[in-house]
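Peer 1: Next comes the sequence, and after it the predicted model I'd like to discuss.
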Amino acid sequence: MKLAEVKEILDLEPLVPGNDDLEIVTACGADLMSDVLAFSQEKSLLLTGLTNPQVVRTAEMIDIKVIIFVRGKRPPEETVQLARKKGIYLYLAKKPLFECCGLLYEKGLKPEKINRLDLEE
């Protein structure tokens, strides 16, 4: 899915606009950055309610290029400036995290494949 499609589906407001042709393969919805570090992969976008600069630093570590802040939460200017400096695109969604993830899933964006132990033994 292209970033342009994500923007249309979620009716996003750009904070640090990005390349509309960027290919998005998976999405991660989380507020715990430790979960993002543990389970995210490249060509993913991050949907979160956290707005502090640590979100940008986490995204940079695992090569996430797009962060979408949900519930209409605006990040502080420090977060926006850091994203601009690091080349990470920021957007604002008015919808809650659950709805954003559901809409993207419904339109064909799949969740990340998580490597975990088989606990059904």
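Peer 2: Sure, I can see it. Residues are numbered from 1 along each chain as shown.
Peer 1: Name the residues that touch stretch 15-22?
Peer 2: Residues from elsewhere that reach stretch 15-22 (Cβ atoms under 8 Å, 6 or more residues apart in numbering): 2-4, 7, 65-66, 69, 74-75, 80, 83-84, 88-92. (Each C-beta comes from the backbone N, C-alpha and C, glycine too.)
Peer 1: Buried subset of those residues, written for PyMOL?
Peer 2: The command below creates a PyMOL selection of those among these that count as buried (16 or more other Cβ atoms under 10 Å):
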select buried, resi 3+7+65+66+69+75+80+83+88+89+90+91+92
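Peer 1: Among the contacts of stretch 15-22, which are located in helices?
Peer 2: 3-4, 7, 80, 83-84 (DSSP state H).
Peer 1: quick check, nearest of the residues you listed to Pro96?
Peer 2: When those are ranked by distance to Pro96 (Cβ to Cβ), Lys7 comes first, at 17.7 Å.
Peer 1: Which parts of this structure are strands?
Peer 2: Counting by DSSP state E, one finds strands in the chain at the ranges 13-16, 26-29, 44-48, 66-69, 89-92, 110-111.
Peer 1: counting contacts, what elements does the third one pack onto?
Peer 2: On a contact count with 3 or more Cβ pairs under 8 Å, 6 or more residues apart in numbering; DSSP states H and E, strand 44-48 meets strand 26-29, helix 53-61, strand 66-69, helix 97-106.
Peer 1: for these, which one sits closest to Leu12?
Peer 2: When the helices and strands packed on strand 44-48 are compared by Cβ to Cβ, strand 66-69 sits nearest Leu12, at 6.5 Å.
Peer 1: What are the contacting residues of that closest one?
Peer 2: 3, 6, 10, 12, 15, 18, 22, 24, 45-49, 51, 55-56, 59, 75, 83, 88-93, 100.
Peer 1: That strand pairs with which strands, parallel or anti?
Peer 2: strand 44-48 (parallel), strand 89-92 (parallel) (DSSP bridges).
Peer 1: So what's the model's average confidence on it?
Peer 2: Mean pLDDT, strand 66-69: 97.
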